[in-house]
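Trainee: sequence plus the predicted model coming up.
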Amino acid sequence: GIELGKLLASTGYITYDPGFVNTGSTSSAITYIDGDAGILRYRGYPIEQLAQNSTFIEVSYLLIYGELPTPSQLEDFTQKINRHTLLHEDLKRFFDGFPRDAHPMPVLSSAVSALSTFYQDALNPFDEPNVELSTVRLLAKVPTLAAYAYKKSIGQPFLYPDNSLGLVENFLRMTFGLPAEPYEIDPDVAKALDLLFILHADHEQNCSTSTVRLVGSSEANLFASISAGIMALFGPLHGGANSAVLEMLQGIKADGGDVAHFVNRVKNKEKGVRLMGFGHRVYKNYDPRAKIIKTTADQILAKIGVSDQLLDIAKELEETALSDDYFIERKLYPNVDFYTGLIYRALGFPTKFFTVLFALGRLPGWIAHWREMIQDPQTKIGRPRQIYTGEKARDYVAISER
Ligand code: ACO
């Protein structure tokens, strides 16, 4: 493939592939997807087995280092992360500058970008100990940054991390806890969030991961590349879909819960009306993550005692779409985000914050891809070509004559 690409380039021909529907930008050993069969594997392990048996921290290790950790490797990895959860006090002050109603995604991206100003001694992408340190710093600090972005938005004081807790538990406490008040972690809530993070942890060359790789291909540091990835995830066609699904369900509810009417608007291609949480560039079958989440949504909502009319609307919407020719012909199935918003909502997160949770889950995948890209001898700076459609050469016209 690579040789053929070089040969084609030397002939002056360009592959025109808007949206990179059929362009392989890299080889990768991290995640395998078979979109027709609905298969997803991290480093060869089926997502169903990881969801059932693993933890987010273990999956992070697996994605980044390629193998499941031994008990001592896992302990070492966990301890390293726990040692780095604190933020520099000056970084905390960044949060004061943002408007209170700022969306937490750009706040998070800015804060991650700012990490490269605090750790200038460890930015060389080819220095392995530096990369290792940046990896640990990101995994440890991004949950703290995310929790602070939340606290800022509701005007509550920041809570320092409690490193006797696990990663997800610590994040929950920093997000929902209050100073001087004990915060009891509900193990069902922590388990649900851990599962959602596992399901989001990687998805090969999606928009944000490709962004991380593209930015990194210029040899920009890991913090800079991840910051760009967070912004790519922000868009409603990517990570922003989880918030958009909930807004869509709320809209249907506000309109009297008429699911058929909404589906007709989608089929009539009304401007800006899509069935959010449906469809995927790669999956032309049920997204395996959506399958896991659907059962989990029922269990979790029942366990934490929340009954949600929006869940009923979601189920009706899914049933209606799955038996409708418009969606069948286009192979549109629920994707990972169709049910996640309902779970996040039940766990107490505001809609604006959902995409931040996606970013927390996707972080180890981005890091794994950046590291793979940096180590790959085939990596070149990413530089797509174009088909020029502008004016032919013409002469400059003086302003007095225009
Ligand atoms: N609702 C209605 N119609 C849809 C949808 C949808 N959600 N998705 C695709 N279609 C239709 C398109 O209108 C198009 O129809 P046409 O052939 O009659 O023009 C056809 O299906 C193909 O769609 P494309 O937009 O060409 O598919 P593409 O691969 O470019 O887009 C995407 C994939 C962006 C995910 C799209 O399905 C979508 O917008 N979904 C809704 C947003 C969403 O849920 N995003 C999350 C994706 S998963 C993730 O990032 C975690």
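Mentor: Received, thanks.

Trainee: what's the first helix or strand after the helix or strand hosting Ser116?
Mentor: With secondary structure defined by DSSP states H and E, Ser116 is part of helix 104-118. Elements were assigned by DSSP H and E; along the chain past helix 104-118, the next helix or strand is helix 128-154.

Trainee: report all helices and strands that that following helix contacts.
Mentor: helix 71-83, helix 89-97, helix 104-118, helix 167-176, helix 222-234, helix 354-375 (3 or more Cβ pairs under 8 Å, 6 or more residues apart in numbering; DSSP states H and E). Just so you know, the C-beta spots here come from the backbone N, C-alpha and C atoms, and that holds for glycine as well.

Trainee: pull out the buried positions in that helix.
Mentor: By 16 or more other Cβ atoms under 10 Å, the buried positions in helix 128-154 come out as 130-131, 133-153.

Trainee: and the ligand, which of those contact it?
Mentor: Residues of these in contact with the ligand (Cβ under 6 Å from any ligand atom): none.

Trainee: residues from the stretch 101-250 of the chain in reach of the ligand?
Mentor: Proximity of the stretch 101-250 of the chain to the ligand is assessed by Cβ under 6 Å from any ligand atom, with 237-239, 241 identified as the residues in range.

Trainee: tell me the two of these that are most distant?
Mentor: In those, two members sit farther apart than any others by Cβ to Cβ. They are Leu237 and Gly239, at 9.2 Å.

Trainee: mind checking which of the two has more residues around it?
Mentor: Set Leu237 next to Gly239 and count neighbours by other Cβ atoms under 10 Å: Gly239 wins out with 29 against 12.

Trainee: so who does the residue lying closest to that one once chain neighbours are set aside touch?
Mentor: In space, Gly239 comes closest to Leu233 once its chain neighbours are excluded; the distance is 3.6 Å by Cβ to Cβ, 6 or more residues apart in numbering. Under the criterion of Cβ atoms under 8 Å, 6 or more residues apart in numbering, the neighbours of Leu233 are 105, 207-208, 239-240, 355, 358-359, 362.

Trainee: other SSEs contacting the least confident helix or strand in the chain by mean pLDDT?
Mentor: Across the helices and strands of the chain, mean pLDDT, DSSP states H and E gives its lowest value to helix 2-11, namely a mean of 77. In terms of contacts (3+ Cβ pairs under 8 Å, 6+ apart), helix 2-11 is packed against no helix or strand at all.

Trainee: which element follows that helix toward the C-terminus?
Mentor: strand 31-34.

Trainee: continuing past that following strand, what's the next helix or strand?
Mentor: Scanning forward in sequence from strand 31-34 by DSSP H and E, the next helix or strand is strand 39-42.

Trainee: quick one: name the residues of the stretch 251-400 of the chain near the ligand.
Mentor: Taking Cβ under 6 Å from any ligand atom as the measure of proximity, the stretch 251-400 of the chain contacts the ligand at 266, 274-281, 330, 332, 335-337.

Trainee: which of those are buried?
Mentor: Neighbour counting over those (16+ other Cβ under 10 Å) leaves 266, 274-280, 332, 335-337 as the buried ones.

Trainee: list the ones among the residues you listed that fall in helices.
Mentor: Cross-referencing these with the helices (criterion: DSSP state H) gives 266, 337 as the overlap.

Trainee: okay, the buried ones among the residues of the stretch 251-400 of the chain next to the ligand in CSV with pLDDT next?
Mentor: Conversion of those to CSV gives the following (pLDDT from 0 to 100):
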residue, pLDDT
Val266, 95
Arg274, 92
Leu275, 94
Met276, 93
Gly277, 91
Phe278, 92
Gly279, 91
His280, 90
Leu332, 93
Asn335, 89
Val336, 87
Asp337, 87
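
Trainee: pick the one among the buried ones among the residues of the stretch 251-400 of the chain next to the ligand closest to the ligand.
Mentor: Gly279 (2.3 Å; Cβ to the nearest ligand atom).

Trainee: so who does the closest one touch?
Mentor: Per Cβ under 8 Å, 6+ apart, neighbours of Gly279: 330, 332-333, 335.

Trainee: pLDDT at Gly305, what is it?
Mentor: Here, the pLDDT recorded for Gly305 equals 64.

Trainee: and the helix or strand hosting Ser60 with helix 354-375, angle?
Mentor: With secondary structure defined by DSSP H and E, Ser60 is part of helix 56-65. When axes from the mean of the first three to the mean of the last three Cα atoms, to 10 degrees is applied, the directions of helix 56-65 and helix 354-375 differ by 30 degrees.

Trainee: could I get the contacts of Gly279 in JSON lines, plus columns for distance to Gly256?
Mentor: Putting the contacts of Gly279 into JSON lines (distance: Cβ to Cβ, whole Å) gives the following:
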{"residue": "Arg330", "distance to Gly256": "27"}
{"residue": "Leu332", "distance to Gly256": "25"}
{"residue": "Tyr333", "distance to Gly256": "27"}
{"residue": "Asn335", "distance to Gly256": "26"}
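
Trainee: could you work out the most separated pair of these?
Mentor: Pairwise distances across the contacts of Gly279 peak at 13.3 Å for Arg330 and Asn335 (criterion: Cβ to Cβ).

Trainee: could you check which residue of the stretch 101-250 of the chain lies nearest the ligand?
Mentor: Residue of the stretch 101-250 of the chain nearest the ligand, by Cβ to the nearest ligand atom: Ala241 (3.5 Å).

Trainee: so that residue makes contact with Met276?
Mentor: Yes: applying Cβ atoms under 8 Å as the test, Ala241 and Met276 come out as touching, 5.5 Å apart.

Trainee: now the common contact residues for these two.
Mentor: Taking Cβ under 8 Å, 6+ apart as the contact criterion, the common neighbours of Ala241 and Met276 are Asp337.

Trainee: and Val215, that one's in a strand?
Mentor: No: Val215 sits outside any strand when classified using DSSP: H, G, I helix; E, B strand; the rest coil, being helix.

Trainee: got a list of what it touches?
Mentor: Residues counted as contacts of Val215 (Cβ under 8 Å, 6+ apart) are 224-225, 228-229.
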